[in-house]
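**Q** Below are the sequence and a predicted model; questions follow.
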Amino acid sequence: MRAIPTALKTGSLLALALIGLIKARTTEKPDLSNAIVPKGQTIDLPSGEYNRIYFLAASVNGDQRSAFENGGRKTELNIEDWGGFIGQWDSRQWSGQDVAHDKYGAMTGLKPGSTKRADLAWYASHHYDGSGKNVDYSYYYLFGYVIDLVAGATTLKLPDNENIRILAISVAEDNPSVTPARPLYDVLPASSTGEVFYAY
């Protein structure tokens, strides 16, 4: 993974803090990698009255379900792919091959809409390919994840998954988590009951 671009957008103070750690590290030692590929490593956690583990991560080759373990408890998370779109409404599928020039042909189907469910921590509106060319509108994301820290746990065991990239890990003492009664954003696809939630 290349170093984080200087033009970045953040969605939370946590993301700012985690990205600040990464930027400081890459500024001091720019030749170092700024992401870890989890291969079952065990990470020592700092001592203190902490109850949450936060990390900044994304995946390649599609979403990746993997388990993180602390204090003998495994927590399975869906690490979202770092490319594509955060959300997309239902999309019509066409038989035409040149839809960029309005040559759609006949409608052949409907691709259901979807949204990424992880908390968005950072995004880039473009990236540079291997030759250094700027690729516009090719979005990339990093997501913020949180798991409960088991009382007395001193380590975090990472999953063994070469498709995951972890950029920062931190611990915190937080108040009890709050779960909203309804989603705070549009939820796609529809639930098994056929209900779609819209956030206004």
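**A** Received it, and whenever you're ready, just let me know what you need.

**Q** any idea what the most centrally placed residue in the chain is structurally, helix, strand or coil?
**A** Per CA atoms, centre = their mean, the C-alpha nearest to the average position across the chain is that of F143, at 2.8 Å. Of the three states, F143 takes strand under DSSP: H, G, I helix; E, B strand; the rest coil.

**Q** so who does the spatially closest residue to it that is not a sequence neighbour touch?
**A** Nearest in space to F143, with sequence neighbours left out and distances taken as CB to CB, 6 or more residues apart in numbering, is A118 at 3.9 Å. The way it works is simple: take the backbone N, C-alpha and C, and place the C-beta from them, glycine included. A118 makes contact with 78-80, 143-145 under the criterion CB atoms under 8 Å, 6 or more residues apart in numbering.

**Q** Of those residues, select the buried ones using a PyMOL command.
**A** Per 16 or more other CB atoms under 10 Å, the buried members of the contacts of A118 correspond to this PyMOL selection:
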select buried, resi 79+80+143+144+145
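
**Q** Taking the contacts of A118 together, which two end up most distant?
**A** Greatest spatial distance among the contacts of A118 (CB to CB): N78 and G144, at 13.3 Å.

**Q** what residue ranges in the chain score low on pLDDT?
**A** Counting by pLDDT under 70, the low-confidence segments of the chain come to 1-33, 189-200.

**Q** rerun that using 90 as the cut-off
**A** 1-35, 83-107, 110-120, 122-140, 174-200 (pLDDT under 90).
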